[in-house]
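>>> The following block contains a protein sequence and its predicted model.
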Number of protein chains: 2
Amino acid sequence: MAVTDEKNSEEGRVRRSNGFVDEVFDLIRADIMSLKIPPDTRIPIGSLVRELGVSQTPIREALSMLEVTGLVTKKQFVGYCTAPKLNRRQFDELFEMRLLIEPFAARRAAEKISDQELTEICALAHEMEPGETRASYDLFADQDAELHERIARASGNALIEGALKRLHVHLHIFRLRFHSEVTTEAYSEHSRLIDALVRRSPAEAEAAMSFHIERSYARLVPFADI
Amino acid sequence: MAVTDEKNSEEGRVRRSNGFVDEVFDLIRADIMSLKIPPDTRIPIGSLVRELGVSQTPIREALSMLEVTGLVTKKQFVGYCTAPKLNRRQFDELFEMRLLIEPFAARRAAEKISDQELTEICALAHEMEPGETRASYDLFADQDAELHERIARASGNALIEGALKRLHVHLHIFRLRFHSEVTTEAYSEHSRLIDALVRRSPAEAEAAMSFHIERSYARLVPFADI
DNA sequence: TTTTGAAATATAATATAGAATATATAAAAA
DNA sequence: TTTTTATATATTCTATATTATATTTCAAAA
């Protein structure tokens, strides 16, 4: 599948392409997050050149950016490699950080969220209801990430939102390796959280988020290595 | 000043260079953080090629990485540019985030810090004593950043440490524009914080850090635009 | 086991194409 | 005539591709 250079689409609008780098970045990122490229796996630049039909230059830039994001690592004269699997220690650190940030984000969201945002979050949560037909676990994972990110965004603090987005990438990869977390339990925890947001109750939103993350930790920790 | 390709230094050690990218990254980063390149200023790649004596390729990679870090922005077909000055809103978000993370880091540090780390932090704090002769404000700023980063590291959570490092870059640039914060007040706040660490008192360390950040906010907020 | 060499791969430099900005020139309006 | 606006052109810079060079890795042979 080649990256297409869509300089100007149909009709007069001059929608200019954002360049190859962003597109390549998104493609590799998606391949890592879907486990198409598993953890701790080499990513030869040459193969990407062939697969994407783009020269080395934009690929190198995209990989450099992914390195800062923490999704790939680089070793001089050896090349790029997807990040290794989370070990137990990193897993614990991840949840410590979530427990620090997300409940606070939920609190702020309860204070500031707009009706518009709230409506969208409710709709999203409804789609995750256990009864609903679900295409795949991937979809659940995407929806869950989306839900948490939207709440972080509603906190009104771009730094919090950004920090959380970085965390969730790694959580997403971790969970995808085990198809757990699709539980009625998770759904009811989300419900309690959203109820608190609807009632604009900061204290309850914070508590509900804390509870949800602690329970999530308990569900996932058996899968964490060592 | 050209980047030197120090493949193998004197004596037999084959200390291999880490490549140009990291070196260029550090150079540009330092120039931005020292205000040698002011906020919201174009960074033409060509001028870096001439100044550093390195080709476009490693420079582009370094700039891509700095973009992810948030230190520079990129506009298609126009080029790279240092990030604009913090506005009031961003300033507030920065301190909201600090107040969320750093007190917690201090708490954890009080629980886990080693004697070795503690000794080093104490020495660093002592160097910042008002009576000491100080070469420049830049030095104070560097030492302050170092102190906070070490405490974050002592928290034992690499994610917290990384998040804080990202924040401090922007704080550093902000403060450098006004030579404030060199106060006996800041020193005494640090002292109280370190006392709590020495006594391994999590609650007091957390409280001292909160107090310090809140006071720091009060000292700096008059300089925040709009 | 060690050494040697070829293949694969990464790094860096250079070349080319294309877009944006600045400059100058010409035309139109005051 | 002066000023303004539009257009054309030249220059600068970015984005991508291509080429050259250096290093590692792996396999084969000593």
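Sure thing, it's come through. Numbers count the residues shown, from 1 in each chain, chains lettered A, B, ... in the order given.
>>> alpha carbons only for contacts and neighbour counts from here, please
Fine.
>>> what's the least confident helix or strand in chain A by mean pLDDT packed up against?
Ranked by mean pLDDT, DSSP states H and E, the weakest helix or strand in chain A is helix A:137-154, scoring a mean of 92. Helix A:137-154 sits against helix A:88-112, helix A:115-127, helix A:158-176, with contacts defined as 3 or more CA pairs under 8 Å, 6 or more residues apart in numbering or on different chains; DSSP states H and E.
>>> Tell me which of the ones you listed is the most buried.
Among the helices and strands packed on helix A:137-154, helix A:88-112 has the highest mean neighbour count (mean count of other CA atoms under 10 Å in any protein chain shown), at a mean of 21.
>>> That one vs helix A:158-176, what angle?
130 degrees (axes from the mean of the first three to the mean of the last three CA atoms, to 10 degrees).
>>> Show me the contact partners of helix A:88-112.
For helix A:88-112, contacts defined as CA atoms under 8 Å, 6 or more residues apart in numbering or on different chains pick out A:151-156, A:160, A:164, A:167, A:171, A:196-210, A:213-214, A:217, A:224-226, B:100-101, B:157-160.
>>> Need the buried ones from those residues selected in ChimeraX.
Per 16 or more other CA atoms under 10 Å in any protein chain shown, the buried members of the contacts of helix A:88-112 correspond to this ChimeraX selection:
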select /A:151,152,153,154,155,156,160,164,167,171,196,197,198,200,201,202,203,204,205,206,207,208,209,210,213,217,224 /B:100,101,157,158,159,160
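>>> quick revisit: for the least confident helix or strand of chain A, give me every contacting residue.
The contact list for helix A:137-154 (CA under 8 Å, 6+ apart) reads A:34, A:102, A:105-106, A:108-109, A:112-114, A:117, A:121, A:124-125, A:128, A:134, A:160-161, A:164-165, A:168, A:172, A:175-176, A:179, A:182.
>>> What's the separation between the nearest residue to A:Ile173 once chain neighbours are set aside and DNA strand D?
Using CA to CA, 6 or more residues apart in numbering or on different chains and skipping residues adjacent in sequence, the residue nearest A:Ile173 is A:Met33, 5.6 Å away. Between A:Met33 and DNA strand D the computed distance is 23 Å (CA to the nearest atom of the strand, to the nearest Å).
>>> Kindly report the same for A:Gly53.
7 Å.
>>> For burial, what's the neighbour tally of that residue?
13 (other CA atoms under 10 Å in any protein chain shown).
>>> Torsion angles phi and psi at it?
The phi/psi pair for A:Gly53 (degrees, to the nearest 10) reads phi 70, psi 30.
>>> can you pull the contacts of A:Ala203?
Taking CA under 8 Å, 6+ apart as the test, what A:Ala203 contacts is A:Arg107.
>>> Those residues of chain A touching chain B, which are they?
A:18-19, A:57, A:60-62, A:64-65, A:68-69, A:76, A:93-94, A:97, A:100-101, A:157-160, A:163 (CA under 8 Å from any CA of the partner chain).
>>> right, and A:Pro84 touches A:Ile37 too?
No - in this structure A:Pro84 lies outside contact range of A:Ile37 using CA atoms under 8 Å: 11.4 Å.
>>> ok, these two, which is more surrounded?
Using other CA under 10 Å as the criterion, A:Pro84 and A:Ile37 rank with A:Ile37 on top: 17 against 13.
>>> measure the more buried one to DNA strand C for me?
In terms of CA to the nearest atom of the strand, A:Ile37 sits 14 Å off from DNA strand C.
>>> Sketch out the low-pLDDT regions of chain A for me.
A:1-17, A:131-135, A:180, A:182 (pLDDT under 70).
>>> Check which helix or strand A:Glu204 maps to.
helix A:202-220 (DSSP states H and E).
>>> just the angle between the least confident helix or strand of chain A and helix A:88-112, please?
Taking the same axes, to 10 degrees, helix A:137-154 and helix A:88-112 form an angle of 50 degrees between their directions.
>>> Go through helix A:137-154 and flag the buried ones.
A:137-138, A:140-141, A:143-154.
>>> likewise stretch A:78-85?
A:80-83, A:85.
>>> Next, see if that stretch gets close to DNA strand D.
Yes - under the criterion of CA under 7 Å from any atom of the strand, stretch A:78-85 makes contact with DNA strand D via A:Val78.
>>> DNA strand C contacts on chain A?
So far as CA under 7 Å from any atom of the strand goes, chain A lies against DNA strand C at A:7, A:43-46, A:56-57, A:74-80.
>>> Which of the residues you listed are buried, as a ChimeraX select command?
Applied in ChimeraX, the following selects the buried portion of those according to 16+ other CA under 10 Å:
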select /A:43,45,57,74,80
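>>> Of the residues of chain A next to DNA strand C, just say which sits nearest to chain B.
A:Gln76 (6.3 Å; CA to the nearest CA).
>>> Leaving aside the residues adjacent along the chain, what's closest to the closest one?
Per CA to CA, 6+ apart, closest to A:Gln76 is B:Asn18, 6.3 Å.
>>> Give the helix, strand or coil label for that neighbour.
coil (DSSP: H, G, I helix; E, B strand; the rest coil).
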